[in-house]
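# Task: produce atomic coordinates for the following.
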Amino acid sequence: MAGLTAPLLGLEKKSLREQALSALRTAITSGELEPGRHLVETELSEMLQISRGTLREALRQLEQEGLLSAGPRGRLSVRHLDEKEIRDIYAVRAALESLAARTLCELPDRQHVTESLHQAIDAMTAATGGSLEERIESDLEFHRTLCRLTGNETLLHSWESLEGSIRMSIMFAGLEKGVSNMSVDRHKDIVAAIDTGDATLARKTILEHMDTAAANLVA
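Below is the predicted model of the structure:
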């Protein structure tokens with residue numbers, strides 16, 4: 001683990017598990033902990049200045065999110081995705097989010113929906129000059145909001161189960177390709193389609209959004 005820098009060098013004493021989660025997510029999504037890298041608990045716990053018990057809780061959460069995978073004897077490593085897995089992830093995303101878009105189009109009053117989505121887009125715009133993690137989080141929050149606004153908890157839970165894999169797909173592609181998928185204008189198109197109330201148009205817009213994103217990531 002030699003050579004790792006912030007955010008893996010020490011944590012404050014409050015909310016240690018959450019801080020460990022945030023630090024490790026950042027290290028993975030930034031490439032500091034590269035795909036395929038085996039994690040050594042003793043070194044990580046010492047570096048983060050937390051107990052191995054707290055570290056294990058954080059690692060277990062990251063495994064559930066799809067950022068880590070277990071190998072022989074349960075040894076954890078940073079997950080590596082291949083092109084097929086990325087296309088599969090985005091196909092499932094497209095199915096979930098097109099369902100969300102259709103559901104929102106069927107609402108008799110969509111004003112609160114478009115207002116909430118425009119707020120999420122404003123947050124994406126504000127994050128443009130920020131860190132990679134901030135940009136990823138603002139992008140994911142837009143799509144999370146899209147699903148949450150449906151009121152369908154099963155849909156939202158299914159989408160959230162993909163978050164770790166989505167993050168890893170960005171890591172697979174690299175910074176430039178990942179950021180290009182976070183274009184604000186592409187997300188405005190989704191909101192505009194939902195605002196029309198045309199479920200067919202909204203579904204088509206989502207499917208094109210996801211197809212383009214997947215193709216860009218594996219190009």
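
# CA atoms of stretch 97-112 as CSV?
Output of stretch 97-112 as CSV, limited to C-alpha atoms (Å, rounded to 0.1, in the frame of the first residue of the first chain):
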residue,chain,number,x,y,z
GLU,A,97,-34.7,4.5,-15.7
SER,A,98,-36.9,4.2,-18.7
LEU,A,99,-39.5,2.7,-16.4
ALA,A,100,-39.0,5.6,-14.1
ALA,A,101,-39.4,8.1,-16.9
ARG,A,102,-42.6,6.4,-18.1
THR,A,103,-44.0,6.5,-14.6
LEU,A,104,-43.2,10.2,-14.2
CYS,A,105,-44.8,11.0,-17.6
GLU,A,106,-48.0,9.4,-16.4
LEU,A,107,-48.3,11.8,-13.4
PRO,A,108,-51.1,14.3,-13.8
ASP,A,109,-48.9,17.1,-12.4
ARG,A,110,-45.2,16.9,-13.3
GLN,A,111,-44.1,20.4,-12.1
HIS,A,112,-42.5,19.2,-8.9
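
# buried residues in it?
97-105, 110 (16 or more other Cβ atoms under 10 Å). Yep, even glycine has a C-beta here, placed from its N, CA and C like the rest.

# So what touches that stretch?
113, 143, 146-147, 149-150, 152, 155, 159, 190, 193-199, 202-203, 205-207, 210 (Cβ atoms under 8 Å, 6 or more residues apart in numbering).

# at 10 Å instead, please
For stretch 97-112, the external contacting residues (Cβ atoms under 10 Å, 6 or more residues apart in numbering) are 90, 113-114, 117, 143, 145-152, 155-156, 158-159, 190-191, 193-207, 209-210.

# Those, buried ones only, as a ChimeraX selection?
For the buried members of these, the matching ChimeraX selection, counting by 16+ other Cβ under 10 Å, is:
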select :90,113,117,143,145,146,147,148,149,150,152,155,156,158,159,190,191,193,194,195,199,202,203,205,206,207,209,210
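
# all helices for this protein, in order.
In the chain, the segments counted as helices under DSSP state H are 16-29, 41-48, 52-64, 83-105, 111-127, 132-148, 153-160, 163-173, 175-180, 184-196, 199-218.

# Return the helix or strand in this protein with minimum mean pLDDT.
None of the helices or strands of the chain scores lower by mean pLDDT, DSSP states H and E than helix 175-180, at a mean of 77.

# how many neighbours does the nearest residue to Asn181 once chain neighbours are set aside have?
Taking Cβ to Cβ, 6 or more residues apart in numbering, and ignoring the residues beside it in sequence, Asn181 has Ala213 as its nearest neighbour in space, at 4.6 Å. Ala213 has 25 neighbours, counted by other Cβ atoms under 10 Å.

# do the same with Gly53
9.

# And for the one 10 residues further on?
Neighbour count for Glu63, taken as other Cβ under 10 Å: 16.

# Straight-line length of stretch 179-187, end to end?
13 Å (Cα to Cα, to the nearest Å).

# Can you give the contact residues for that stretch?
Contacts of stretch 179-187 (Cβ under 10 Å, 6+ apart): 90, 117-118, 120-122, 124-125, 127-128, 132, 135-136, 138-140, 142-143, 146, 169-170, 173, 189, 205, 208-210, 212-214, 216-217.

# Got a PyMOL select line for the buried ones in those residues?
Selecting only the buried entries of these in PyMOL, with 16+ other Cβ under 10 Å as the criterion:
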select buried, resi 90+117+120+121+124+127+132+135+136+138+139+140+142+143+146+169+170+173+205+209+210+213+214+217
